[in-house]
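A.B. asks: Got a predicted model here, sequence first, then my questions.
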Amino acid sequence: MMKAGKIISISNMRVEILLEQNKVKPGDIVSTEHNGIHRFEIARVNGNIATAIPFDNVKGLRKGLDVNIEEGGLAIQYSDEILGKVFDSYGNLIDGNTIETVRTKNVYERNLKLNEIDIDGDILWTGIKAIDFFAPMQKGFKMGLLGGAGVGKTVLIKELINNVYKGLRSNSVFVGIGERSREGKELYDEMLDANLIDKMSMVFGQMGENSMNRSRAIYSGLTLAEYLRDEKGQDVLLFIDNMYRFVQANAEITAEMEQLPIDNGYSSTLLSDIAAVEERINSTDKGSITSFQTVYIPADDMNDSAVHAITSHFDGQIVLDRKVAAKGIYPAINVFKTSSKLISVDKVGQRHYQLVQEVLRYMSRYNELEEIVAVLGIEELSTEDYNIFYRARKLRNYFTQPMFVAEQYTNIPGKFVAIEDVLTDVEAILDGKYDTTDENRFAYIGNLHEYRK
């Protein structure tokens, strides 16, 4: 390793180095040895003074310690050995596993060129009725996954990983940013129990870690996903939980660097920080990265600068609602708040588009009729409203689905339902072909063709 200089100033989140040569640049990794190896990332170079952000605790460090440049910068494993492994933000294994053949890649290295991006990727059908019908995804899409605790978010994530692996033999990457360590361990254990851990890679920069750790988890996760896309030619699912915590971590680093913040204390580089991440999530002629990103909404303010900056990159969103879950409907998708750019005649065709509009019309009218029925009774409805009321209930039940990853809890075999079957079934319900069938018989089934058998 080449000597870079000496430490001249230390604080919890910042170390200043007097440089002895000018080969150091922002993004480089430097280290010093004192009761173990301490590593830092160069954030700014001003003349012969470099400001660096520490990877971890700086306790015990002192002025005058020599600092060396590490070759390769911040890197993570870049081979088939990433599968079934859990990494921290800096590419270190944290699950007790080992890497037999180390082959790493810099986490900042990949930037897609314009001629590499494929904007006409195929639709990624998941086999989950409610998603494929109301919010279909194109390969390379960025989807918001919004919903609090207890609404079935983890089960939905596991089912997506399971279905995409079965359908496309493609793997997934999960990135945990600034969430609780307990939740990360629970997710790992659930993936282990569902036999999905060997089909994915995980990266965690948890809540208890410093800002540097939390802000760099996303870059390591992206590099793992890029390996699967670029080297293995896969259509990868990338789950990011939570993108807002990435913004928060960058804001903390900006404050430590004494840079002038913008609204609500966010980093002045807010837009470019988010764009640098989002623009790496795309389709190419080799494969694709399709992402699901959860976003914390501070004070439920959708106009918050960070929330707006993140969601402006989304191609759609899937909203899980506690009120829907309370009715025993899973996946607990709020169909009125769920959306996708693909829901247009040009993208999914006239038939699919018209059916979505008609189902939403039925569901909207059903919400109005519920209050009328509660007060006056079903007898007061017109024939048209009577049909809408019961067909909407059947549609609501139809969009429930038995999950493969929940079979051991529900004893109901999981179902993968093709979109053509969904469209045919919805059409039949709307046309009244099942008006005499009890609505409860539509809950937690696959397609109606199987049901008729």
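C.D. replies: Structure received. Numbering: from 1, shown residues only.

A.B. asks: What is the neighbour count of the closest residue to residue 399 other than its chain neighbours?
C.D. replies: Of all residues not flanking residue 399 in the chain, residue 130 sits nearest, at 4.4 Å (CB to CB, 6 or more residues apart in numbering). Bear in mind the C-beta positions are built from the backbone N, C-alpha and C, glycine included. Residues contacting residue 130 under the criterion other CB atoms under 10 Å number 22.

A.B. asks: I'd guessed residue 216 sits against residue 204; true?
C.D. replies: No. Using CB atoms under 8 Å, residue 216 makes no contact with residue 204, being 11.4 Å away.

A.B. asks: quick one, which of those two is more surrounded?
C.D. replies: Each of residue 216 and residue 204 has its neighbours counted (other CB under 10 Å); residue 204 has more, 30 against 27.

A.B. asks: if we can go back for a sec, so what's in contact with residue 216 and residue 204 at the same time?
C.D. replies: Common neighbours of residue 216 and residue 204, counting by CB atoms under 8 Å, 6 or more residues apart in numbering, are residue 89.

A.B. asks: one step back: which strand or helix spans the residue nearest to residue 399?
C.D. replies: Residue 130 belongs to helix 129-134 when assigned by DSSP states H and E.

A.B. asks: The helix or strand just after that helix packs against which elements?
C.D. replies: Next helix or strand after helix 129-134 toward the C-terminus (DSSP H and E): strand 137-138. If contacts are counted by 3 or more CB pairs under 8 Å, 6 or more residues apart in numbering; DSSP states H and E, strand 137-138 sits against strand 123-124.

A.B. asks: got the contact list for the strand it packs on?
C.D. replies: Strand 123-124 is contacted by residues 136, 137, 138, 139, 141, 164, 235, 288, 290, 342, 348 when judged by CB under 8 Å, 6+ apart.

A.B. asks: Can you select the buried ones from those residues in ChimeraX?
C.D. replies: Selection of the buried residues among the contacts of strand 123-124 in ChimeraX, burial being defined by 16 or more other CB atoms under 10 Å:
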select :136,137,138,139,141,164,235,288,290,342,348
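
A.B. asks: JSON lines for the contacts of strand 123-124, including pLDDT and distance to residue 212?
C.D. replies: Output for the contacts of strand 123-124, formatted as JSON lines (pLDDT from 0 to 100; distance: CB to CB, whole Å):
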{"residue": "136", "pLDDT": "94", "distance to residue 212": "38"}
{"residue": "137", "pLDDT": "91", "distance to residue 212": "33"}
{"residue": "138", "pLDDT": "90", "distance to residue 212": "34"}
{"residue": "139", "pLDDT": "89", "distance to residue 212": "32"}
{"residue": "141", "pLDDT": "91", "distance to residue 212": "30"}
{"residue": "164", "pLDDT": "85", "distance to residue 212": "32"}
{"residue": "235", "pLDDT": "90", "distance to residue 212": "32"}
{"residue": "288", "pLDDT": "91", "distance to residue 212": "30"}
{"residue": "290", "pLDDT": "91", "distance to residue 212": "28"}
{"residue": "342", "pLDDT": "94", "distance to residue 212": "38"}
{"residue": "348", "pLDDT": "92", "distance to residue 212": "43"}
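
A.B. asks: As JSON lines, the contacts of strand 123-124 with distance to residue 387 would be great.
C.D. replies: Listed next are those as JSON lines, based on distance: CB to CB, whole Å:
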{"residue": "136", "distance to residue 387": "27"}
{"residue": "137", "distance to residue 387": "32"}
{"residue": "138", "distance to residue 387": "35"}
{"residue": "139", "distance to residue 387": "39"}
{"residue": "141", "distance to residue 387": "35"}
{"residue": "164", "distance to residue 387": "37"}
{"residue": "235", "distance to residue 387": "41"}
{"residue": "288", "distance to residue 387": "42"}
{"residue": "290", "distance to residue 387": "38"}
{"residue": "342", "distance to residue 387": "29"}
{"residue": "348", "distance to residue 387": "26"}
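
A.B. asks: which SSE is residue 191 in?
C.D. replies: helix 181-193.

A.B. asks: For that helix, list every residue counted as buried.
C.D. replies: Within helix 181-193, the residues that qualify as buried are 183, 184, 187, 188, 190, 191, counting by 16+ other CB under 10 Å.

A.B. asks: what residue ranges in this protein score low on pLDDT?
C.D. replies: 1, 149, 300, 450-453 (pLDDT under 70).

A.B. asks: Break it down into its domains, please.
C.D. replies: 2-71, 76-340, 348-452 (automatic domain parsing).

A.B. asks: from the ones you listed, which stretch is densest packed?
C.D. replies: Ranked by mean neighbour count, the domains of the chain are led by domain 76-340 with a mean of 19 (mean count of other CB atoms under 10 Å).

A.B. asks: would you say residue 8 is within a strand?
C.D. replies: Yes. Applying DSSP: H, G, I helix; E, B strand; the rest coil, one finds residue 8 inside a strand.

A.B. asks: Give the closest residue to it in space, chain neighbours not counted.
C.D. replies: Counting by CB to CB, 6+ apart, residue 8 lies nearest to residue 18, which is 4.8 Å off, once chain neighbours are set aside.
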